[in-house]
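Quick one: sequence and predicted model below, then my questions.
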Amino acid sequence: MTGALAGLRIVVSGFELEQSEHRGTAVFTKNVLRALRRAGAEIWLLTEYDPPTESIRPRKLGLHSAQMIYKARVLESLNSGGANFVSSLRVRLLGHLFPFRRWPRLLHPLRELSILLFPRQRYRQRGLKAFSTGELFDNPYLQSDRLGYLKDVDGLLCADQIFANSFRLARTRWGLNRLHLDLSGFDGFITTSPLNIEARNTRFCVQTVHDLIPLEYTQTFDSLRAFTRRLLACRQAARLFVSESAERKYNSVFPAASQQKDHASAVIVQSPSLHFPPDACDWEARIKVLRLQAEGYQKLQALHPCRYLLFNSSIEPRKNLLFVLKAYLESGLEAHGIQLCITGKLKNDGYSNEVRRLADCHPFILLTGYVDEALKRQLFLNALALVSPSLVEGFGIPVLDAACLGVPAIASQSQSHREIQQLHDFDQHVLLCSTRETSDWASALRLTYRRFEQQRLEAIGNTARLPHQTQRQLLWFNEVRQQRIVRYRRLQTAIDSRFEAAISAVITAELQPAATTLDLKNTVLAA
């Protein structure tokens, strides 16, 4: 394979891909894997899923059978977002000690307690388990949408609880201990978020910084000590920043890092997250109505093209969903049949309970929970507008996706959203609005609706008889969606090329220490 990184064997952290929901950082991880693949590198994904093997010992089942079962368990953990396999030895012991059916629930807290008290600090290369994806002949997990990124991965590197141990080491009070990972035989290690891991015996290490949100916004679940030490670990590696805002904040908190000349640093624009199939213009652009499952409804609910607003994000205070809910109700668009579709998994906390309470009182608010990539793609394509009122963002991929489609995006005035607005012609599609007053957002929602209605009426005319008007309206919606898909593909190709070039430039600079930071910046800008 040819490319700027041909011949390099690179390990990429897979922590974000192990989460139950694949959100922004998971999208970034997938984009990194795809970019490295296009650049010609051999890619190995690091996972902490290393299921127990007591029940699948080769002497009992045969070597090849045991290996196949082990691989299936690793892939099942990645596919389900959690390890659910228990050692048979533990099963037998606990079965004697606790003669009741619910005893397996004790295993997880016991395992967590052992990591809490005795976090592992070293992972030797000979202790890692690895297998190539090329060995997975006709494997059913390769057909899973959630594991689609495996097509860009050459192999999996399994290190039991490596991320959990690294987080615990970062939380300890007795020193700045980093987890040591021996990667002999590999050229480099790339993290897709800050990790308290030091890669040994590699030619380069690149850490990614998305934001400093836990330090500047208190309503998060991150340990401040652990998060700060993960950021400190980035000083000893090359750094990728997903926005100029993230770079500026990082350098203000860790000024010594910005003065270092021995490691490369660059700001990269993330790739869009949607991927339309080849026949999307002929098929997805002609769907008359979307039907999906919504919380509180037994039957599938209908969403008509360009008749709903889309909120696509996780449900947490900094995403400011309650604010946009109140603005939507204040706008009066509910009376015009405009729905608000919220894709995100509700949590068992007060914030999510308030969201659920408002949704229960208004049938035009739909809570879909977490949706797969195919449905997310269709929701973006058919939306009247995207709303993103986040108080703070590392980047804002939903706004980028909407802007690439040409779908109006009403977004908060965070610096990352401003950076997106300055790309290409996005200032024509991204409307930044203050989140201090709901009335400002209510006005922006009404303005967006009126503009679209004006375009619709000009396209179909409002004097034709109703049957003809309905048919012309459907044809116009089809044309609008086809234009969105064509536009998205064109911009996605351009952004992907720059994304790949920027990552390659940082790695090349690390392999050639003589390159200056200024030279690297000029290389990224030229790309």
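Structure received.

Measure how buried W283 is and give me the count.
11 (other C-beta atoms under 10 Å). C-beta: built from backbone N, CA, C; applies to glycine.

Low-confidence regions, this protein specifically.
Residue ranges of the chain with pLDDT under 70: 1, 53-60, 83-117, 174-176, 257-261, 462-468, 513-527.

Outline the domain layout of it.
9-81+120-263, 284-493 (automatic domain parsing).

Pull the contacting residues for K30.
By C-beta atoms under 8 Å, 6 or more residues apart in numbering, the residues touching K30 are L17, H22, Y149, D152, S273.

Does it fall in a helix, a strand, or a coil region?
When classified by DSSP: H, G, I helix; E, B strand; the rest coil, K30 comes out as helix.

The domains of the chain into CSV, with extra columns for distance to T508?
Formatted as CSV, the domains of the chain follow (distance: least, C-beta to C-beta, whole Å):
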stretch, distance to T508
domain 9-81+120-263, 9
domain 284-493, 22
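
Going by contacts, tell me the helices and strands next to whatever helix or strand T470 lives in.
Using DSSP states H and E, T470 falls within helix 466-511. Contacts defined by 3 or more C-beta pairs under 8 Å, 6 or more residues apart in numbering; DSSP states H and E place helix 466-511 against helix 24-38, strand 204-209, strand 238-241, strand 265-267, helix 373-382, helix 397-405, helix 438-460, helix 517-526.

Let me know which of these is tucked in deepest.
Comparing these by mean neighbour count (mean count of other C-beta atoms under 10 Å), helix 397-405 comes out on top with a mean of 27.

which is the next helix or strand following that one?
Per DSSP H and E, the helix or strand that comes after helix 397-405 is strand 409-411.

Just checking: what are the partner strands of that next one?
Strand 409-411 pairs in its sheet with strand 385-388 (parallel), strand 430-432 (parallel), by DSSP bridges.

could I get those strands as a markdown table with mean neighbour count and distance to Y123?
Output for these, formatted as a markdown table (neighbours: other C-beta atoms under 10 Å; distance: least, C-beta to C-beta, whole Å):
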| stretch | mean neighbour count | distance to Y123 |
| --- | --- | --- |
| strand 385-388 | 26 | 39 |
| strand 430-432 | 19 | 44 |
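
do you know which of those lies nearest A237?
With C-beta to C-beta as the criterion, A237 lies closest to strand 385-388 of the strands paired with strand 409-411, at 30.7 Å.

Send me that closest one as CSV with only the CA atoms.
Extracted C-alpha coordinates of strand 385-388, given in CSV (Å, rounded to 0.1, in the frame of the first residue of the first chain):
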residue,chain,number,x,y,z
ALA,A,385,-32.8,22.7,11.0
LEU,A,386,-30.3,21.4,13.6
VAL,A,387,-30.3,23.0,17.1
SER,A,388,-27.1,23.0,19.1
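
Touching it from outside, list them.
309-313, 324, 328, 340, 380, 396, 398-399, 401-402, 407-412, 417, 441, 445, 448, 452.

Could you give the separation of it from the chain centroid?
With C-alpha atoms, centre = their mean, to the nearest Å as the basis, strand 385-388 stands 18 Å off its chain's centre.

How about stretch 279-288?
Counting by C-alpha atoms, centre = their mean, stretch 279-288 is centred 26 Å from the centre of its parent chain.

before we move on, what about stretch 38-55?
Its chain's average C-alpha position is 19 Å from that of stretch 38-55, according to C-alpha atoms, centre = their mean.

swap in stretch 4-11?
23 Å.

Name the residues of that stretch that come out as buried.
Using 16 or more other C-beta atoms under 10 Å as the test for burial, stretch 4-11 gives A4, L5, L8, R9, I10, V11.

And the helices in the stretch 1-150 of the chain?
Ranges of helices in the stretch 1-150 of the chain, per DSSP state H, counting those that start in this stretch, are 24-38, 58-61, 63-80, 88-97, 107-117.

So E334 is in contact with L366, correct?
No. At 12.0 Å, E334 does not count as touching L366 under the criterion of C-beta atoms under 8 Å.

In terms of neighbours, single out the busier of those two.
L366 (22 against 16).

That one should be in a helix, yeah?
No. L366 is assigned strand when assessed by three-state DSSP, not a helix.

Distance-wise, check it relative to K345.
L366 sits 14 Å away from K345, going by C-beta to C-beta, to the nearest Å.

Of the buried residues of stretch 4-11, just say which sits nearest to L231.
Nearest member of the buried residues of stretch 4-11 to L231, counting by C-beta to C-beta, is V11, at 20.8 Å.

what sits against that closest one?
Applying C-beta under 8 Å, 6+ apart, we find V11 in contact with W44, L45, L46, L157, L183, F186, G188, F189, I190, A199, T202.

if we can go back for a sec, would you mind giving the contacts of K30 as TSV with distance to A285 and neighbour count added?
TSV is the format used below for the contacts of K30 (distance: C-beta to C-beta, whole Å; neighbours: other C-beta atoms under 10 Å):
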residue	distance to A285	neighbour count
L17	30	23
H22	25	22
Y149	26	21
D152	27	19
S273	19	24
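
The strands paired with strand 409-411 into JSON lines, with extra columns for distance to V486?
Listed next are those as JSON lines, based on distance: least, C-beta to C-beta, whole Å:
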{"stretch": "strand 385-388", "distance to V486": "19"}
{"stretch": "strand 430-432", "distance to V486": "20"}
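
Can you tell me which of those is nearest to Q125?
strand 385-388 (43.2 Å).

nearest to L240, of the buried residues of stretch 4-11?
Among the buried residues of stretch 4-11, I10 lies closest to L240 (C-beta to C-beta), at 13.4 Å.

quick one: that closest one and F186 touch, right?
Yes. Counting by C-beta under 8 Å, I10 touches F186, with 6.8 Å between them.

State the distance from G148 to E437.
Applying C-beta to C-beta, the value for G148 to E437 is 42 Å.

And the strands in the stretch 201-350 of the chain?
Taking DSSP state E, counting those that start in this stretch as the test, the strands found in the stretch 201-350 of the chain are 204-209, 238-241, 265-267, 290-292, 301-303, 308-312, 339-343.

quick one: strands adjacent to the first one?
Strand 204-209 has these partner strands in its sheet, going by DSSP bridges: strand 188-190 (parallel), strand 238-241 (parallel).

ok, now the fourth one?
Pairing partners of strand 290-292, with direction, according to DSSP bridges: strand 301-303 (antiparallel).

Pull the residues that contact the partner strand.
With C-beta under 8 Å, 6+ apart as the criterion, strand 301-303 contacts V289, L290, R291, L292, Q293, A294, Q339, C341, L366, L379, N382.

could you flag which of these are buried?
Buried members of the contacts of strand 301-303, counted by 16+ other C-beta under 10 Å: L290, L292, A294, Q339, C341, L366, L379, N382.

residues touching the third one, list them.
Right, A294. Counted by C-beta under 8 Å, 6+ apart, A294 has contacts Q301, L366, L367, T368.

any idea how far it is from V371?
Per C-beta to C-beta, A294 is found 11 Å from V371.

I'd like to know how many residues surround F137.
7.

Next one: it relative to G406, how far apart?
Per C-beta to C-beta, F137 is found 42 Å from G406.

likewise S252?
35 Å.

and what of F15?
Counting by C-beta to C-beta - F15 and G406 are separated by 34 Å.

More neighbours: these two, which one.
Using other C-beta under 10 Å as the criterion, F15 and G406 rank with F15 on top: 22 against 19.

Got phi/psi on that one?
For F15, the backbone dihedrals are phi -60, psi -50 (criterion: degrees, to the nearest 10).

Spatially nearest residue to it (excluding sequence neighbours)?
Residue nearest to F15 in three dimensions, not counting chain neighbours: F163, with 4.8 Å by C-beta to C-beta, 6 or more residues apart in numbering.

Now do the contacts for that neighbour.
For F163, the residues meeting the contact criterion (C-beta under 8 Å, 6+ apart) are S13, F15, E18, E48, L195.

Report the secondary structure state of the last one.
The reference is to L195. coil.
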